[in-house]
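[1] What follows is a predicted structure for the sequence shown.
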Amino acid sequence: MNPVNYLYLSALLFTIGAAGVLIRRNAIIVFMCVELMLNAANLAFVTFSRMHGNLDGQIIAFFTMVVAAAEVVVGLAIIVTIFRSRHSASVDDASLMKL
Amino acid sequence: MDYLIGWLVLLPLLGAGVLLTGGRRLDRTGHWIGTVLAGSSFVVAAVLFFDMLGRSGEDRALHSTAFTWISVGSFKADVAFQLDQLSMTFALLITGVGTLIHIYSIGYMEHDERRRRFFGYLNLFLAAMLLLVLADNYLLLYVGWEGVGLASYLLIGFWQHKPSAATAAKKAFIVNRVGDVGLSIAIMLMFTTFGTFTFGPVLGAVDGAGEGVLTGIGLMLLLAACGKSAQVPLQSWLGDAMEGPTPVSALIHAATMVTAGVYLITRSGAIFDAAPTAQVAVVTVGAVTLLFGAIVGCAKDDIKKALAGSTMSQIGYMVMAAGLGPIGYVFAIMHLVTHGFFKAGLFLGAGSVMHGMNDEVDMRKYGALRKYMPVTFVTFGLGYLAIIGFPGLSGFFSKDKIIEAAFAKGGTEGWILGGAALLGAGITAFYMTRVMLMTFFGEKRWEPDAEGHEPHPHESPKSMTIPMVVLAFGSVFAGFLFSWNEAFVKWLEPVTSFEEAHPPMGAAAVTGATMVVMLLGVGLAWAMYGRRPVPSVAPRASWLTRAARRDLLQDDFNHVALVLPGEYLTRGLVYVDHKGVDGVVNGTAAAVGGLSGRMRRLQNGYVRSYAVSMLAGTAVLVAATLLMRGVA
Amino acid sequence: MSSTVAVHSLWTTAAPLAADKINAPKIEYAQLAPVLIVFGVAILGILLEAFLPRRFRYTGQVGLAVVGMAAAFAAVVALAAGGYATTKAHIAAMGAVAVDGPALFLQGTILLVGMVGVFTFAERRLDPKAHGRHVDSFAAQGSAVPGSDQEKDAVRAGFTTTEVFPLLMFAIGGMLIFPAANDLLTLFVALEVFSLPLYLLCALARRRRLMSQEAAVKYFLLGAFSSAFLLFGIALLYGYAGTVSYSGIASVVDGTAKLNPALADSAGNDALLLIGAALVGMGLLFKVGAVPFHMWTPDVYEGAPTPVTGFMAAATKVAAFGALLRLLYVVLPELRWDWRPVLWGVAILTMLVGAIVAVTQTDVKRLLAYSSIAHAGFILAGVIATTPEGVSSVLFYLAAYSFVTLGAFAVVTLVRDAGGEATHLSRWAGLGRRSPLVAAVFAIFLLAFAGIPLTSGFAGKFAVFSAAAQGGAMPLVIVGVISSAIAAFFYIRVIVLMFFSEPKADGPTVAVPSPLTSTAIAVGVAVTLVLGVAPQYFLDLANQAGVFVR
Amino acid sequence: MSFPLLTLTAGLPALGAIATAAVPAARRGAAKWLALVVSLATLVLAAIAFVRFDPGGARYQLTESHAWIADFGVRYELGVDGIAVALIGLTALLVPFVIAAGWHDADPLEEKNPNRRWRPTQGFFALILLVEAMVIISFEATDVFLFYIFFEAMLIPMYFLIGGFGDRAHEHGEEEAARQRSYAAVKFLLYNLAGGLIMLAAVIGLYAVTADQLGQGTFSLQEILQARAAGELDMSTTAERALFLGFFFAFAVKAPLFPLHTWLPNAMGEATAPVAVLITAVVDKVGTFAMLRFCLQLFPEASKWATPAILVLALISIVYGALLAVGQRDIKRLIAYASISHFGFIILGIFAMTSQGQGGATLYMVNHGISTAALMLVAGFLISRRGSRLIASYGGVQKVAPVLAGTFLIGGLATLSLPGLAPFVSEFLVLVGTFSRYPAVGIIATTGIVLAALYVLVLYQRTMTGPVKAEVQGMPDLKVRELAVVAPLIALLIVLGVYPKPLTDVVNPAVQQTLSDVHKTDPKPALEASK
């Protein structure tokens, strides 16, 4: 199979993730969409790695996973805190500051 | 000797300085200081005069350079004096009449608490006027020119608490400023044409300059002369200037300052001689003004304003004479001097009358004063005879020569000018007789004033009558003395150039016609004001008289043509400045503010909309990057 | 950091390698000392948190942080003195980290800013005492629900969130690597390392906690969103060049490195390069707060605890611009005809939007946020110059700007009323009458922001604009000047308010700070004036430091 | 390296400012005396500089040169030519009067103040000294950048002087007055800052051009002139024009020239009279001075290119300013518009490019400073007595306060350029200089003479003459301190009107130099030319 197709898939996933960020209200889901975008990037890394025939991309993918995990830790902590204060995980509710 | 010239100016200037900064401690002696300094200036002038007589015609001029005043590039102006016969004539007139009027003022201003200041201003005037006639270049002349304007301003508005006086003073200064602009432009033209504005080099180089430039310079000088000498169209200030104390009217607005225009034109004779167009303008202005002033003089009931109209008219004669060129210069100056005597005398007489009449100026409230004020009556009467040109008195000699010269101009122009001059002589006789009759003859018409004080007409003190007597002597004999053996012509000829005037119909015919016209004027006046009683309230009259009472609508004209448009323009500009010029800036600021308020709303607090803008921005960024390369 | 570049060979040929012959990566520990010290201190801080009794933690943490920063700074100075900024500049840690002039200059700046930041973090004299104890700007217990009993208990018990110091250390560590990162992976990791602690710090305000938490959420979500773009961009660049090392990509871009012809339709594809570069650039522009990626800035600046805002505004900008400079000057110089026009647009927009929107702001912190956006635009003008002067002017501007910012936010912490900091501008009316000194200091900072001569702001602006003009970007200079004029309007508005308005009867008071904040402000003023009056030494420094190693 | 006289002249007031600001709150009087003494000492230094300046010597004298910001090509270069030394003299001369006239302007209204550190009086005098220092160094700087820095920086103390120490006369209550004042201060600052920032763009452009052509960017006036003379520096026409416009814009705002003038009436109206004097008599002169020194010298061709437009604007300023002065109802705003008219004359003289025009313009700067100071300070004394700036609030003052009225009149007469007083000399020179190259322009400009008479005399008439108004009754005449402020100014007006030679001697060589920079010679008189 042409590896380029994986790239298309990766781009699609990335787009889906980006669209999700824009569309969904729930902070957790928004966050998950971001994770999806990261993973789309991972897919691209791996694909390119295969195409170039070097291992860099695959190793980067591991790094990305670690970073994403760290992000989850921090992100969930923040989201949970705000959920506890507001009893809502909707990102639209958090709009005290504007203009 | 030449070092004395500066002292002529310095002495009165010193007086002004001392009196104006000296403070109250000089209140008791100030008038004496002022008078003594004016007198000593006259003595200096006399010394110089006799010194000058000791030299022959061509060597009489003295020069004295004090210091370099302004020097930038090729522009060089010195504080330097030139004393020739013309200046000498003026210096004597100014210091002589000036001293007399100082003396007169001691009595006249006795009860004014600001008398010291009055004398300070008078001294300032003398200094400026002397500077004007003694300067050896036009720029220094300009200093004196504006200096006398300042003194005139201060003295017209001396009774500042009267709004009318303050307004009159301001008006005089501003109208004069218009004329001054003419002088300054003339100086600039001289500088760009001749590279200098010193009398000698400029007047000596006239031949090399184009007629166009000379005409320009001439017209600008004429504009200046119009302002200072109250000639049409800048005449409107003189009548109002009568708000000043009467000695001021006598000295500044009759004898000396207002004749500065004549001096200027005569001094610049070489320029006018080479610029016929400018000369035509000069004689036109002179002829128009002599009639204008005379007509106004006929209608005024205010004695000082009637005299002011007369002054305007007489200066019209002089200006006209000066415009006639070499046939007229000498007689312009001669009339100027004789006029200085008799008009100053007349004004002092009027002041004396007012002094005795609780400062009443309306001639309709006078009458029969000859019994109460004999000295005033006689001196005023002599002045009267002199001004109407009664044979043998000084006005006869000078005015007659001017009329002759006017006719001698030749052609239609000569007839028009001569006719105007002749007509003016008749009107002069009429209005002066009117003044004489209304003031000194007929029944007494005075009434108690608003506060119930009945005037008690009385003769004025010696300090006032003596100057009047002296001036009366001048009015009677000056003309004769000047004409004796053509003394005045010979005196001035080296400076002003002179040509004999030959009127086409002969000099005797002109003199005869003048006599006839004069008698007609006197007779008419006697018929109107001598034979029947004068109403104490001005009757309704023809439109011409009504217009003349309003100074031939000059103020109305100025109001409509200049003041109103000026006011609207000013108001409009204030609005424009506020709403327009400022508005653009404030508008820009408001626009930025508005834009800010609108852009601010993009920041709506919703994180998802921020994400949208980021995504859109990224899309644009990517697209732009690709477009740059043309890859997309 | 791990070795990711040189050791790899094709996986198909990896098999013959003997398992006992793993090449250990070569790490130049001495040259990485600043970073290592900071991270070491951070980890030590966590250990302190875990083992030290609560009442010693504050002192311990502050002391440790200060010592750590000082040591790290000393290491930077030592490296610079050792010539690593100039002649000995090279790439350390197997190509992951550059040790060169810009890196050391920016690291030094970040460390100084961090040091001052520690002071403002440690300030606990401003708020009135709670239950007999001094309190700082941070929540007693971050996890406690605002207004709950749990929170009250925490306050009563005198809890303090001393974790902020290790978090700060981690953030600083990340920032130190960020501008020095010499491959894209390191860049990404560094970005996350300094961002994640900042997200947390934003959420920890003692007062107005809802806003603080909201700021954290917004910052986090948008930050994660942008780093996803960055990462995807990295992927594309990797796809283009087959490597993530800066020099590797650069040599592919300029054609010195030959690619496998078989890969021609994917690798070496300019679309990959351009899109990838744009996405990476976007990630960095987000961090510097350039329009249109700026929208997080005002909200986060407003909601975060003010010491954090000050630190973030100063240090993030330094680190992010450093990274941007290195990316553009080392990786993409051959591409400058592509990215310069785009950056022109971004710079113009950034300058104008920042200045214009700030005009109608009513909150001091938001005002400063928009001002920081406008300043990002000015700095971008220097970046666009693409000359050595451009680099050094940006370095100088960053140093100048960061101290002004830090000082300004430190002043904001002082003006207080019953509800904590009084950040609404109307509350600042008449401050000049009440506390002339504080108002005067703030005025100096504002004038520096406005770029009035004899302040560092002017020297910086001049440096940046003159570099731009020399680089042929005169129109940018003119736009910059116009937006400076607009910006001047709102800086002056604040001065007017402070000095020419009558003080309100119930106006805020100015807290008397401890020497910590006083020092922070004093340093800000000193740097502002010194860099304004006698900037030559620092310009020289920036000049020497203006060369990137490749 | 000789004695740094110029640095000292600028540095002394700067140090004095710091010292004054440091005087404790309670010792208000000491601060005033300190400021006065410092300003007088500065005057002595300026006088020494004036005397030591040799009109026949080098173009820039008393020079100092030190490295400063090598990276920007900036040097600390000072030097004065005749024009600068005259203006430094003016500045140093006026400031003591400003301080003495403003003796009580910054006294706190009530003693109950919440903060002991609040020292408005000290601040007021310190700011005045600071402005003096910055103005003096701007006159001394021969490095464009150095000039620019102080040109801009002086806005800040001025801004505080205007906004912080307003006129206490207000008809519409405290609050409205405060609003107006801060509006005026902000307007002042924004106008000038905008001008300055546009100039900054031009300064940067100049740097880019010199760096491009000379290898190393420089701001040194002398270096640039030398490079140009040697043909090493050859700006393109477009670049030169653009840079010229950038510089000129800033100076035209400062001067101010129509249509950039509207900040001046606000600023002068709201500031105290001494500060208004500082604005118009001292600070604004930096603008016109800089046109002479920087616009003409750095961009001679562009200056000539822009001359027609500038002449038109200057003419508009003259007439427009005067007409607006006629239409004012506020004494201080009237004087402000009169100043706008006068600045029109100055700019006219500068761009007439004749020795009379530029020499006259330089004298005009000095004379206008003195005459406006006299008029404005007396106006300030008047206003402080009655608490109103409106002309209509007065009437008949000469009756109750003749000395005040007399000095006011002399100030007014100087403003309308009466011969015998100093401004006449300069105004006439400007007119002659303009006329000799552009006759029509010169003639139109003379309308300014008439209008000046109008606004001055109308002002005098309405305030000083007529019946004494009830509110004016009992108004005290000038006090000794006030008279001591005004009398020397009036004396100076007379002396310089009669004997301006010491000034023209110093100014002339500098003007000739400037003219040769722009390759212009005076037009020859028509008679000489035709031969």
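    Everything's here; your move. Numbering: from 1, shown residues only, chains lettered A, B, ... in the order given.
[2] The closest residue to residue B:347 other than its chain neighbours is in what secondary structure piece?
    Leaving out its chain neighbours, the residue that sits closest to residue B:347 by C-beta to C-beta, 6 or more residues apart in numbering or on different chains is residue B:250, at 3.4 Å. Every C-beta, even on glycine, is put in place using the N, C-alpha and C of the backbone. Assigned by DSSP states H and E, residue B:250 belongs to helix B:246-250.
[3] Give me the helices and strands touching that helix, please.
    helix B:85-108, helix B:138-156, helix B:303-323, helix B:329-356 (3 or more C-beta pairs under 8 Å, 6 or more residues apart in numbering or on different chains; DSSP states H and E).
[4] Could I get those helices in CSV, plus columns for mean pLDDT, distance to residue B:440 and mean neighbour count?
    Below are the helices and strands packed on helix B:246-250 laid out as CSV (pLDDT from 0 to 100; distance: least, C-beta to C-beta, whole Å; neighbours: other C-beta atoms under 10 Å in any protein chain shown):
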stretch, mean pLDDT, distance to residue B:440, mean neighbour count
helix B:85-108, 92, 20, 25
helix B:138-156, 94, 27, 26
helix B:303-323, 93, 11, 29
helix B:329-356, 92, 9, 29
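[5] and the residue nearest to residue B:347, what does it touch?
    By C-beta atoms under 8 Å, 6 or more residues apart in numbering or on different chains, the contact list for residue B:250 reads B:97, B:101, B:104, B:343, B:344, B:347, B:348, B:351.
[6] do the same with residue A:49
    By C-beta under 8 Å, 6+ apart, the residues touching residue A:49 are A:55, A:56, A:57, A:58, A:60, A:61, C:238.
[7] same check, this time on residue D:365
    So residue D:365 contacts D:86, D:87, D:90, D:285, D:288, D:289, D:346 (C-beta under 8 Å, 6+ apart).
[8] burial of the second one, as a residue count?
    What that stands for is residue D:87. For residue D:87, the count of nearby residues is 28 (other C-beta atoms under 10 Å in any protein chain shown).
[9] Which residue does chain C have closest to chain B?
    residue C:292 (3.5 Å; C-beta to the nearest C-beta).
[10] Can you select the buried ones from the contacts of residue A:49 in PyMOL?
    Buried residues within the contacts of residue A:49, by 16 or more other C-beta atoms under 10 Å in any protein chain shown, are selected in PyMOL with:
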select buried, (chain A and resi 55+56+57+58+60+61) or (chain C and resi 238)
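[11] Show me which of the contacts of residue A:49 is closest to chain B.
    residue C:238 (17.1 Å).
[12] Wondering if the helix or strand hosting the closest one reaches chain A at all.
    Using DSSP H and E, residue C:238 maps to helix C:209-241. Yes: residues of helix C:209-241 are located near chain A by C-beta under 8 Å from any C-beta of the partner chain, namely C:209-211, C:213-218, C:220-221, C:224-225, C:228-229, C:231-232, C:234-236, C:238-239.
[13] The lengthiest helix in chain A and chain B, are they touching?
    Identified as the longest helix of chain A according to DSSP state H is helix A:56-86. No: Helix A:56-86 does not reach chain B (C-beta under 8 Å from any C-beta); its nearest approach is 11.5 Å.
[14] For the residue in the stretch 151-300 of chain B that chain C sits nearest to, give its distance to chain D.
    In the stretch 151-300 of chain B, the residue that lies nearest chain C is residue B:170 (39.8 Å; C-beta to the nearest C-beta). As judged by C-beta to the nearest C-beta, to the nearest Å, residue B:170 and chain D stand 4 Å apart.
[15] tell me the contacts of that residue?
    B:153, B:157, D:457, D:458, D:460, D:461.
[16] Same question for residue B:379.
    So residue B:379 contacts B:345, B:348, B:349, B:465, B:468, B:469, B:471, B:472 (C-beta under 8 Å, 6+ apart).
[17] count of neighbours near residue B:224?
    Neighbour tally, residue B:224, other C-beta under 10 Å: 30.
[18] related to what we said a few turns ago, neighbouring contacts of the next helix-or-strand element following the helix holding residue C:238?
    Under the assignment DSSP H and E, the closest C-terminal helix or strand after helix C:209-241 is helix C:246-253. Residues from elsewhere that reach helix C:246-253 (C-beta under 8 Å, 6+ apart): C:5, C:91, C:95, C:182-184, C:237, C:240-243, C:257, C:259, C:268, C:273, C:326-327, C:330-335, C:550.
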